[in-house]
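> Mind looking at a prediction? Sequence and model below.
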Amino acid sequence: MPRNRSTKIVATLGPASSTYSRIFELAEAGVDVFRLNASHGTQAEHAERYRQIRAVEETVGRPIGVLLDLQGPKLRVGTFAQGPVALKKGERFRLDLDTTPGDGARVCLPHPEIFQSLEPGHDLLLNDGRIRLRVLSCGPDHADTEVLVGGNLSDRKGMNVPGATLALSALSEKDRSDLRFGLSLGVDWIGLSFVQRPEDILEARELIGDRAHVMTKIEKPAALPQLQEIIRLSDAVMVARGDLGVELPPEDVPGLQKRMIRMSRQLGKPVIVATQMLESMISEPSPTRAEASDVANAVYDGADAVMLSAESASGNFPVEAVAMMDRIVRRVERDPLYRRIMDSEHPNPEATTPDALSAAARQIAETISAAGIVTFTATGSTALRASRERPTVTILGLTVRRDTARRLALGWGIHPVWTSADIENFSEMVERASLVASQEGIGAPGQSLVVTAGVPFGTPGATNALRVISIAPSDDTPPLEDATRKPVLEPV
């Protein structure tokens with residue numbers, strides 16, 4: 001049955017959520033896409049989690065998306081000879097390439113690419129932004145800085161360089177290994193971290209090909225001047241507020257979130273809002289009111305999905321966190337204000353037949369009070385165009401490709417169904433749309449459906465047909481020879 005909401009939920013798996021029974025509970029509580037975080041855990045652990053996700057998918061009988069989130073390059077200082085040092089405001093501190101353990105005056109920064117990109121006046125952030133340094137002078141192998149905000153600095157703490165575009169690939173050697181691993185598993189999405197420029201996405205696409213879809217994480221200020229081109233080249237976008245909030249003033253992040261959501265919607269790309277959404281539920285059974293408002297605001301902004309990280313991966317209340325997020329989303333979507341916001345911000349369709357038909361499908365469905373919009377899609381582009389319109393009815397995304405059905409699990413308002421039976425003519429299209437809509441609980445006999453497809457059938461990206469049909473009584477519809485639902489399996 002379709003979920004009683006349009007905005008999707010992404011949840012990260014980890015030590016608190018790796019068993020079949022827990023993953024099943026999370027899926028039942030509302031998870032549409034599971035995230036495997038390559039920054040934590042081994043490849044063997046992620047392979048087992050992937051296996052359990054697919055077993056749960058068979059049991060629940062609906063497509064579940066899987067996102068492998070790459071770590072990205074990690075910039076870290078070296079070690080200290082006598083343990084942590086205390087940096088005080090106004091003091092001088094040197095970063096260099098000397099691998100000798102550091103002290104209160106200097107430490108190794110084993111990343112020559114950083115020194116190549118620095119200029120006097122650049123700020124450097126250490127230990128998740130707790131310590132701030134300003135570059136006074138620099139060369140190809142060192143930077144002399146002044147401590148603006150002090151604190152304790154210990155071995156291998158991370159560094160952020162918000163004021164520079166670094167000469168680093170978005171894919172480290174670890175990322176390349178994890179990417180090969182994820183593609184061999186068959187994950188649906190690859191989360192690309194540390195994106196600074198459009199070329200980073202093109203580099204990843206050369207390695208990925210058509211084996212998975214690229215989800216670009218916007219977490220570096222260097223990406224913002226070319227944001228539109230970066231989103232255009234992506235298959236989906238994640239507003240990664242954690243690292244973005246380290247490198248930018250906190251007051252800048254809310255406006256950027258809204259800007260990125262709006263731009264992604266205009267370009268027809270699914271967009272996720274992530275990081276610290278229900279952070280207190282790592283240790284508490286209920287969120288703060290501010291956290292509930294944060295989730296709600298992302299939904300009001302029109303995000304395709306909201307995401308849980310540590311709350312579901314390592315927290316004490318993973319299922320409760322998903323259930324809470326599900327309730328918040330449902331409550332927002334019942335608010336008349338939410339509908340007014342969605343209706344006031346329909347992106348202008350491009351001057352193409354598929355875009356024109358997708359806009360028309362929404363308008364017709366609302367005018368005639370149709371039970372739903374049915375899209376026959378090979379690549380998912382037809383369903384995602386319908387999703388961009390934010391219709392008031394469910395979008396039934398029918399596809400003969402499992403990977404497409406799993407990808408569409410992320411799309412706003414889309415209820416994806418995989419069916420192995422090809423459509424060859426309009427008569428079969430009408431029968432299949434009517435049958436599956438009835439089976440999936442979208443409408444009752446006699447209600448209307450607005451159907452979009454491409455003719456000839458099976459031609460990717462060729463949406464050129466729109467038809468209004470009525471759901472036939474179930475006994476008038478021939479049985480589906482290859483059921484769209486899967487058999488229930490025993491727990492693995």
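Received the coordinates, thanks.
> Next, the buried residues of stretch 147-154.
147, 150-151, 153 (16 or more other Cβ atoms under 10 Å). In this view, the C-beta of every residue, glycine as well, is placed from N, C-alpha and C.
> contacts for it?
Stretch 147-154 has contacts (Cβ atoms under 8 Å, 6 or more residues apart in numbering) with 77, 80, 83-93, 107, 123, 126-127, 130-134.
> Please list only the buried members of the residues you listed.
Buried among these by 16+ other Cβ under 10 Å: 77, 80, 85, 87, 93, 107, 123, 126-127, 131-134.
> Isn't Lys258 up against Gly302?
No: contact criterion Cβ atoms under 8 Å: Lys258 and Gly302 do not qualify, at 9.2 Å.
> The two - which one has more neighbours?
Set Lys258 next to Gly302 and count neighbours by other Cβ atoms under 10 Å: Gly302 wins out with 21 against 17.
> Quick one: residues contacting Arg62.
If you count contacts by Cβ under 8 Å, 6+ apart, then Arg62 has 409, 416-417 around it.
> Inside strands: which ones of the residues you listed?
416-417 (DSSP state E).
> Redo the contacts of Arg62 as TSV? Include pLDDT.
Converted to TSV, the contacts of Arg62 look like this (pLDDT from 0 to 100):
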residue	pLDDT
Ala409	98
Pro416	97
Val417	95
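> now that we have the contacts of Arg62, which one has the most neighbours?
For these, neighbours tallied by other Cβ under 10 Å; top is Pro416, 27 neighbours.
> Report the beta-bridge partners for that residue.
Gly397 (DSSP bridges).
> burial measure for Pro162, as a count.
Pro162: 19 surrounding residues under other Cβ under 10 Å.
> what does Arg334 give?
11.
> Next: Asp96.
Around Asp96 there are 19 other residues, counting by other Cβ under 10 Å.
> so it sits right up against His111, yeah?
No: assessed by Cβ under 8 Å, Asp96 is found out of contact with His111, at 11.1 Å.
> how much space between Leu179 and Ser381?
From Leu179 across to Ser381, the span is 24 Å (Cβ to Cβ, to the nearest Å).
> The two: who's more crowded?
For Leu179 versus Ser381, neighbours defined as other Cβ under 10 Å are more numerous around Leu179 (22 against 19).
> Report the secondary structure state of that one.
helix (DSSP: H, G, I helix; E, B strand; the rest coil).
> Just confirm it contacts Leu70, I think it does.
Yes: at 6.5 Å, Leu179 and Leu70 qualify as touching, with contact defined as Cβ under 8 Å.
> Find residues that contact each of the two.
With Cβ under 8 Å, 6+ apart as the test, Leu179 and Leu70 both reach 171, 190.
> residues near Pro336, how many?
Quick note: Pro336 (other Cβ under 10 Å) scores 7 neighbours.
> how close does it get to Val455?
38 Å.
> Please apply the same query to Thr377.
13 Å.
> Show me which of these two is the more surrounded one.
Shown here are Thr377 and Val455; by other Cβ under 10 Å, Thr377 has more neighbours (28 against 15).
> I'd guessed that one sits against Thr404; true?
Yes: look at Thr377 against Thr404 with Cβ under 8 Å: they come within range, at 6.6 Å.
> can you list residues touching both of these two?
Gly397.
> Tell me who's in contact with Asn464.
353-354, 357, 454-455.
> same question but for Ile414, I mixed them up
Contacts of Ile414 (Cβ under 8 Å, 6+ apart): 383-384, 386-387, 395, 397, 408.
> Show me those that map onto strands.
395, 397.
> Out of the contacts of Ile414, flag the one nearest to Gly446.
The closest of the contacts of Ile414 to Gly446 turns out to be Ile395 (Cβ to Cβ; 20.6 Å).
> State the distance from the closest one to Gly380.
11 Å.
> Summarise which helices and strands the lengthiest helix in the chain is packed against.
Counting residues, the longest helix found in the chain (DSSP state H) is helix 43-60. Packed against helix 43-60 by the contact rule (3 or more Cβ pairs under 8 Å, 6 or more residues apart in numbering; DSSP states H and E) you find helix 20-29, strand 33-37, strand 65-69, helix 173-185.
> Can you name the next helix or strand after the third one?
In other words, strand 65-69. Going down the chain from strand 65-69, the next helix or strand is strand 85-87, by DSSP states H and E.
> What mean pLDDT does that following strand get?
Mean pLDDT, computed over strand 85-87, is 96.
> After it, which helix or strand is next? Please name it.
strand 92-96.
> low-confidence ranges in the chain?
For the chain, applying pLDDT under 70 flags the ranges 421, 457-461, 474-492.
> quick one, domains of it?
Domain assignment for the chain by automatic domain parsing gives 8-73+170-335, 85-160, 346-476.
> what about the longest one, how long is it end to end?
For domain 8-73+170-335, the separation between the terminal residues is 17 Å (Cα to Cα, to the nearest Å).
> Next up, the contacts around Arg54.
Residues near Arg54 by Cβ under 8 Å, 6+ apart: Ile64.
> Correction: the previous question concerned Gly14.
37, 40-41, 310, 312-314.
> Check Gln228 too.
263, 267.
> Report whether it is found in a helix, as I expect.
Yes: using three-state DSSP, the assignment for Gln228 is a helix.
> State the distance from it to Thr288.
34 Å.
> rewinding a little: Ile395 and Gly380: which is more packed in?
Between Ile395 and Gly380, counted using other Cβ under 10 Å, Ile395 has the larger neighbour count: 33 against 27.
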